[in-house]
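Asker: one predicted model, sequence on top.
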Amino acid sequence: MKVLVLGSGGREHALAYFLKQSPLVDRLYCVPGNAGTQECAETPDLPADDFSTLLRFAKSERVDLTVIGPEAPLVGGISDLFTENGLAIFGPVAAGARIEGSKIYAKQLMRDRGIPSADFVKFHDMPSALQYLNKVHPPYVIKADGLAAGKGVIIAKSEGEAKDALYDMFERKIFGESGTRVVIERFLSGEEATVLALCDGEHVLPLISSQDHKPVYDGDKGPNTGGMGAIAPAPLVSEKVMDRVMERILFPLVEELNNRNVRYRGILYAGLMILDGDPYVVEFNCRFGDPEAEAVLPLIDSDLCELLLLTTAGRLKEGRLLWKEGYCCDVVLASGGYPGHYEKGKPITGLDLVRPEEGDYVFHAGTKCDNGRVVTSGGRVLNVVSTGRTLKEAVDSSYRAVDLITFENMHFRRDIGRKGVAYLNRTSDFTQQG
């Protein structure tokens, strides 16, 4: 069969890489792709944001399944278009993608259904938001309503920081129209984790948990990014916590969407805050997380393509999801200056030294080929991923692989997975003492 993957980041390279392993896949395309996807897929020169052109390509090439990586095409309605034309596509229709496309919609849905999440107030103008700040105490969680490439959430530790964030959104419009409406939430102090789940509109099949590391610097310092690394599974998501995620969050979400005549097919992403073993929703997304996907997919021991096909066909109950033992760690290598200004075109060396047969992978994000060389072309450049019997082994292996790769002004966090290892050590000590 023929499969088309849409997107150009590390998530899409990982999807393409593991889809290519499926005996069901004869031919694989990736649009627009990057220097990494060129090694496992054909990358036809097509505009990734022109849905009509993509539809014509899928029809002419008789593509059997299209897999959408990023959120923008889903919010823009690409699944609606493909479905109306009889083409199988993995990713929800626009009405389902609203859970990510509008923070206000998602928060109101959770409030209506009783899904645990932080209290919130929505605002359409800066004076009203500033007036509200005088009534509550920091820290504040300020979110742009629309899509902002994972950077639209500001945790302001003071009223001054909150005012600056509101000014950036309302007046400077750093997120464009996405920031013309904002949500201010009550701050929840806990530890974050992510649960991804396949959903065919009725059945929900959870993947293993993961933990993203969003701030740009060690110790969770600095501005938020699209993600500087991830581990899977997340040690703090115990079996009991996962049961609560399913019972209190994902099952009610799917039921509520069906009540609103939205049959959701694709990935459900629940970004969570875990407080004393209870999960609260920080955000919903309508696609695989990035970099969470790069940490979760290497541990799947089932046919990824078959699972995605069953999801799109509404037959997920027939799916069998098996997992490899152990852990996975993903360290993101970024361009110096990211998430602010950064330079492009820096040659990358050492990629050929990382061995997938040894459980190490490099998933490209912001890269391209230039006269036979792989060079940087984005903020997040590479995902260096390793598996291991223990989380510490996976983390150590990832950083050994990182040491093999270089490019000018390369930046990465040196503490990815440290919290997870510390958590496991604490729980191990508690068990031994008990």
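Answerer: That came in fine, so what should we check first?

Asker: OK, contacts around the residue most central in space within the chain?
Answerer: Geometric centre of the chain, nearest residue: Gly289, 1.3 Å, by C-alpha atoms, centre = their mean. Each residue near Gly289 by C-beta atoms under 8 Å, 6 or more residues apart in numbering is listed here: 11, 194, 196, 210, 212, 227, 230, 269, 271. (C-beta placed from N, C-alpha, C; glycine too.)

Asker: in strands only, show me the residues you listed.
Answerer: Using DSSP state E, the subset of the contacts of Gly289 located in strands is 194, 196, 210, 212, 230, 269, 271.

Asker: separate out the buried members of the residues you listed.
Answerer: 194, 196, 210, 212, 230, 269, 271 (16 or more other C-beta atoms under 10 Å).

Asker: now the helices: where do they sit in this protein?
Answerer: With DSSP state H, the ranges of helices along the chain come out as 10-20, 51-60, 71-75, 78-84, 94-101, 103-113, 126-133, 159-170, 239-245, 251-259, 292-296, 304-312, 391-402, 418-433.

Asker: need these in JSON lines (columns: mean pLDDT, distance to Gly345 and mean neighbour count).
Answerer: As requested, the helices of the chain are exported to JSON lines (pLDDT from 0 to 100; distance: least, C-beta to C-beta, whole Å; neighbours: other C-beta atoms under 10 Å):
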{"stretch": "helix 10-20", "mean pLDDT": "98", "distance to Gly345": "19", "mean neighbour count": "27"}
{"stretch": "helix 51-60", "mean pLDDT": "98", "distance to Gly345": "28", "mean neighbour count": "15"}
{"stretch": "helix 71-75", "mean pLDDT": "97", "distance to Gly345": "25", "mean neighbour count": "22"}
{"stretch": "helix 78-84", "mean pLDDT": "98", "distance to Gly345": "31", "mean neighbour count": "20"}
{"stretch": "helix 94-101", "mean pLDDT": "98", "distance to Gly345": "32", "mean neighbour count": "22"}
{"stretch": "helix 103-113", "mean pLDDT": "97", "distance to Gly345": "35", "mean neighbour count": "18"}
{"stretch": "helix 126-133", "mean pLDDT": "94", "distance to Gly345": "39", "mean neighbour count": "15"}
{"stretch": "helix 159-170", "mean pLDDT": "94", "distance to Gly345": "29", "mean neighbour count": "19"}
{"stretch": "helix 239-245", "mean pLDDT": "97", "distance to Gly345": "43", "mean neighbour count": "15"}
{"stretch": "helix 251-259", "mean pLDDT": "98", "distance to Gly345": "43", "mean neighbour count": "17"}
{"stretch": "helix 292-296", "mean pLDDT": "98", "distance to Gly345": "24", "mean neighbour count": "30"}
{"stretch": "helix 304-312", "mean pLDDT": "98", "distance to Gly345": "33", "mean neighbour count": "21"}
{"stretch": "helix 391-402", "mean pLDDT": "97", "distance to Gly345": "21", "mean neighbour count": "20"}
{"stretch": "helix 418-433", "mean pLDDT": "75", "distance to Gly345": "32", "mean neighbour count": "13"}
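
Asker: closest to Leu316 out of the buried ones among the ones in strands among the contacts of Gly289?
Answerer: Closest approach to Leu316 among those (C-beta to C-beta): Leu196, at 13.8 Å.

Asker: need the contact list for that closest one.
Answerer: Counting by C-beta under 8 Å, 6+ apart, Leu196 touches 206-207, 210, 267-270, 288-289, 292-293, 296.

Asker: how near is it to Cys286?
Answerer: 11 Å (C-beta to C-beta, to the nearest Å).

Asker: Lys173 too?
Answerer: In terms of C-beta to C-beta, Lys173 sits 24 Å off from Cys286.

Asker: who has more neighbours, these two?
Answerer: Neighbours per residue (other C-beta atoms under 10 Å) separate Lys173 from Cys286, with Cys286 holding more: 26 against 12.

Asker: residues in contact with that one?
Answerer: Cys286 touches 71, 74-75, 91-92, 96-97, 99-101, 266-269, counting by C-beta under 8 Å, 6+ apart.

Asker: what do you get for Pro252?
Answerer: 113-115.

Asker: let me see the domain layout of the chain.
Answerer: Following automatic domain parsing, the chain resolves into domains at 2-93, 119-186.

Asker: what is the end-to-end distance of the shortest one?
Answerer: Here the two ends of domain 119-186 are set 6 Å apart, with distance taken as C-alpha to C-alpha, to the nearest Å.

Asker: for the longest one, same thing?
Answerer: As for domain 2-93, its first-to-last residue distance stands at 22 Å under the measure C-alpha to C-alpha.

Asker: ok, now stretch 334-349?
Answerer: End-to-end for stretch 334-349, by C-alpha to C-alpha: 14 Å.

Asker: figure out how far it is from the centre of its chain.
Answerer: 21 Å (C-alpha atoms, centre = their mean, to the nearest Å).

Asker: can you check stretch 299-313 too?
Answerer: How far stretch 299-313 lies from its chain's middle: 18 Å, per C-alpha atoms, centre = their mean.

Asker: strands of the stretch 251-400 of the chain, start to end?
Answerer: For the stretch 251-400 of the chain, the strands defined by DSSP state E, counting those that start in this stretch occupy 265-275, 278-285, 327-335, 360-364, 367-370, 373-376, 380-388.

Asker: could I get those strands as JSON lines with mean pLDDT and distance to Ser189?
Answerer: Compiled in JSON lines, the strands of the stretch 251-400 of the chain are given as follows (pLDDT from 0 to 100; distance: least, C-beta to C-beta, whole Å):
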{"stretch": "strand 265-275", "mean pLDDT": "97", "distance to Ser189": "7"}
{"stretch": "strand 278-285", "mean pLDDT": "97", "distance to Ser189": "11"}
{"stretch": "strand 327-335", "mean pLDDT": "98", "distance to Ser189": "25"}
{"stretch": "strand 360-364", "mean pLDDT": "97", "distance to Ser189": "32"}
{"stretch": "strand 367-370", "mean pLDDT": "96", "distance to Ser189": "37"}
{"stretch": "strand 373-376", "mean pLDDT": "98", "distance to Ser189": "36"}
{"stretch": "strand 380-388", "mean pLDDT": "98", "distance to Ser189": "27"}
